[in-house]
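> sequence and computational prediction follow.
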Amino acid sequence: MRNELIAVLLMLCMTSLMTAQTEETQTDISVETVSSQTSVWPGDRIHYRITLTAAQDVQIAMDDFDEQNVSFEPFYLIGREHFTEEVGEEVRYVFDYLLANYEIGDKQVEIPGLIFRYEKSGPAGANEPTTAEMQIPPWPMSVRSTLNQPVEESWIQESLPNPAIPLGSWVPLLAGMAGLLVSSLPLGVWVWRKVPDWQARRRQLSRKSFLRQCWLSLDQLEKSMTSNNVEMKNQYQDLEKVVQKYIRYFWEISAQGLTHPELAARLNQEQLLPSQSDTLIRVFEHGQSCRYAPENGGGWADTFGQDLKEVKKLCDQA
């Protein structure tokens, strides 16, 4: 009787612990999945979106959502878009996958589920963050088709004999192709002239998303600031990467490998305000000086904080 009572108490304790862990996981991350349509025909393309909302102290393993690490069989993955945004005290991660369907026959299929990893910062004094996994359930889909045979046996796979082309028909065929080429030249010239405008418009549409990414990187650098000189070298290296992306995005200048005098010469060719140019060049100048400073040199923490504040101000004004 005593042993049975102990066993019952142990089972109750384990159940309580599992329930508490499940509730904590659900509180840390919320998952939402949606598709652009619930039924597809052969050749249809659909958008499958996964939205994760997590607390600020939760780090999602973004690699688990890369194209090479996910499988959506029987659907074919065409492309993926991803963006991150802050919503109050939480961070929202959105993954939009473009899928194609080549299944035939009326049947029910599923977009397979996914398993991803995440880390949560432990309590104060903990050595390592807590690592866990979470599963995204499958998404049901319906396939609609008038072809009820396998693709290999379908009539659409049957090939017809190629009719012989009379020799005399080659002359009008070539003349028609030449006329089509000549008539399409004005269209080609028009398209060629419009390409820069389309590229600029596409860049402008993604401007908000780009600046949001810059802000997230700068906030991360600000949270990890330290007065240790070796860390300051790494901090400046990460800040230079953010500024390099900023310069490449707005002025299409590759700043990687350039010294600050070389970068100043390139930026002078663009229409920049003096305050913008000075801020960008100053980051590279201070970063290069910090890298070659002695290990015990001081004063770089304050300089880095001021440079970080100026770069944030640039992003606000962009």
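Received, thanks.
> now the helices for the stretch 51-200 of the chain?
Under the criterion DSSP state H, counting those that start in this stretch, the stretch 51-200 of the chain carries helices at the ranges 170-205.
> give me the nearest residue to the residue positioned nearest the centre of the chain, chain neighbours excluded.
In the chain, the residue lying closest to the centroid (C-alpha atoms, centre = their mean) is residue 82, at 3.5 Å. Nearest residue to residue 82 in three dimensions, chain neighbours excluded: residue 95, at 5.2 Å (C-beta to C-beta, 6 or more residues apart in numbering). Heads up, the C-betas are built off the backbone N, CA and C, glycines and all.
> tell me, how many residues neighbour the one you found?
Number of residues near residue 95 (other C-beta atoms under 10 Å) recorded here: 20.
> low-confidence ranges, the stretch 51-200 of the chain, go.
Applying pLDDT under 70 to the stretch 51-200 of the chain flags residues 122-129, 146-169, 194-200.
> go again using 80 as the cut-off
104-106, 121-130, 145-173, 189-200 (pLDDT under 80).
> rewinding a little: from residue 70, how far out is the residue nearest to residue 82?
Taken as C-beta to C-beta, to the nearest Å, the spacing of residue 95 relative to residue 70 amounts to 9 Å.
> same question, residue 131
According to C-beta to C-beta, residue 131 and residue 70 sit 20 Å apart.
> those two: who's more crowded?
Each of residue 131 and residue 70 has its neighbours counted (other C-beta under 10 Å); residue 70 has more, 16 against 11.
> quick one: that one from residue 60, how far?
Taking C-beta to C-beta as the criterion, residue 70 is separated from residue 60 by 14 Å.
> domain parsing of this structure, as residue ranges.
Under the assignment named as automatic domain parsing, the residue ranges that make up the domains of the chain are 28-143, 207-317.
> which residue ranges of the stretch 1-150 of the chain form strands?
Taking DSSP state E, counting those that start in this stretch to define them, one finds strands in the stretch 1-150 of the chain at 29-35, 39-40, 45-55, 58-60, 76-87, 90-100, 107-111, 114-120, 130-136, 139-143.
> tally of neighbours for residue 75?
By other C-beta under 10 Å, the residues close to residue 75 number 24.
> returning to what we had before: and the residue nearest to residue 82, bridged to which residues?
Beta-bridge pairing of residue 95 under DSSP bridges involves residue 50, residue 82.
> how close does it get to residue 214?
Between residue 95 and residue 214 the distance is 20 Å, computed by C-beta to C-beta.
> check residue 57 too.
Taking C-beta to C-beta as the measure, residue 57 and residue 214 are separated by 22 Å.
> of those two, who's got more company?
Set side by side, residue 57 and residue 214 show more neighbours around residue 214, with 19 against 13, by other C-beta under 10 Å.
> now do the contacts for that one.
Remark: with contacts taken as C-beta atoms under 8 Å, 6 or more residues apart in numbering, residue 214 is in contact with 242, 245-246, 315.
> now the stretch of helix or strand it belongs to: mean pLDDT?
In this assignment (DSSP states H and E), residue 214 forms part of helix 207-223. pLDDT averaged over helix 207-223 equals 85, rounded to a whole number.
> which elements pack onto the helix or strand just after it?
Sequence order places helix 229-251 as the next helix or strand after helix 207-223, per DSSP H and E. The helices and strands touching helix 229-251, judged by 3 or more C-beta pairs under 8 Å, 6 or more residues apart in numbering; DSSP states H and E, are helix 207-223, helix 260-268, helix 274-291, helix 300-317.
> could the ones you listed be laid out in TSV, adding distance to residue 37?
Rendered in TSV, the data for the helices and strands packed on helix 229-251 read as follows (distance: least, C-beta to C-beta, whole Å):
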stretch	distance to residue 37
helix 207-223	25
helix 260-268	48
helix 274-291	46
helix 300-317	38
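> of all those, which lies closest to residue 183?
The minimum distance between residue 183 and the helices and strands packed on helix 229-251 falls on helix 207-223, with 38.2 Å, by C-beta to C-beta.
> that closest one vs strand 90-100, what angle?
The directions of helix 207-223 and strand 90-100 differ by 140 degrees, with axes from the mean of the first three to the mean of the last three C-alpha atoms, to 10 degrees as the criterion.
> give me the distance from helix 207-223 to the chain's centre.
14 Å (C-alpha atoms, centre = their mean, to the nearest Å).
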